[in-house]
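Chemist: I'd like to go over a predicted model; first the sequence, then the structure.
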Amino acid sequence: MKIKGNIKKCPNCKSENGFYVLVKIIRHSSDHFNFDGEYLDKTKTWDTIRTTQEKIAYCNQCNHKIGVVRN
């Protein structure tokens, strides 16, 4: 992954230590109960996790927004 414009260092702090992008994580799960309202902890719980990578790049050193990423 690279930053559009081929940026090689942070324009704010001049660091060459790279960048990061934020990742949105969405998780869905279920809790199971009997009809008396008691939690059934022995039931199978299903999970789904979906991740989405954001497009804004931030400096690893100073956390300044430095550009938009491209794959």
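Modeler: Yes, it's here. Residues are numbered from 1 along each chain as shown.

Chemist: mind checking the longest strand of this protein?
Modeler: Among the elements of type strand in the chain, defined by DSSP state E, the one spanning the most residues is strand 47-59.

Chemist: pull out the buried positions in it.
Modeler: Of the residues in strand 47-59, those with enough neighbours to count as buried (16 or more other C-beta atoms under 10 Å) are 57-59. C-betas here are computed from N, CA, C, even on glycine.

Chemist: list the buried ones in the helix or strand just after it?
Modeler: Scanning forward in sequence from strand 47-59 by DSSP states H and E, the next helix or strand is strand 65-70. Buried positions in strand 65-70, judged by neighbour count with 16+ other C-beta under 10 Å: 66-67, 69.

Chemist: for stretch 9-18, same thing?
Modeler: residue 10.

Chemist: mind listing residues that contact it?
Modeler: Counting by C-beta atoms under 8 Å, 6 or more residues apart in numbering, stretch 9-18 makes contact with 8, 19, 59-62, 64, 66, all of which sit outside it.

Chemist: returning to that earlier point: pipe the buried residues of strand 47-59 into TSV and attach pLDDT and distance to residue 48 per row.
Modeler: As requested, these are exported to TSV (pLDDT from 0 to 100; distance: C-beta to C-beta, whole Å):
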residue	pLDDT	distance to residue 48
57	98	28
58	98	28
59	98	33
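
Chemist: and of the buried residues of strand 65-70, the nearest to residue 2?
Modeler: Nearest to residue 2 among the buried residues of strand 65-70, counting by C-beta to C-beta, is residue 69 at 6.9 Å.

Chemist: list the strands paired with the helix or strand residue 28 falls within, with their directions.
Modeler: With elements taken from DSSP H and E, the one containing residue 28 is strand 19-29. Each strand that pairs with strand 19-29, with its direction, by DSSP bridges: strand 47-59 (antiparallel).

Chemist: quick one, the partner strand and strand 65-70 angle?
Modeler: Using axes from the mean of the first three to the mean of the last three C-alpha atoms, to 10 degrees, one finds that strand 47-59 and strand 65-70 are set 130 degrees apart in direction.

Chemist: what's in contact with strand 47-59?
Modeler: Residues outside strand 47-59 that contact it (C-beta under 8 Å, 6+ apart): 3, 7, 10, 12-13, 15, 17, 19-29, 64-69.
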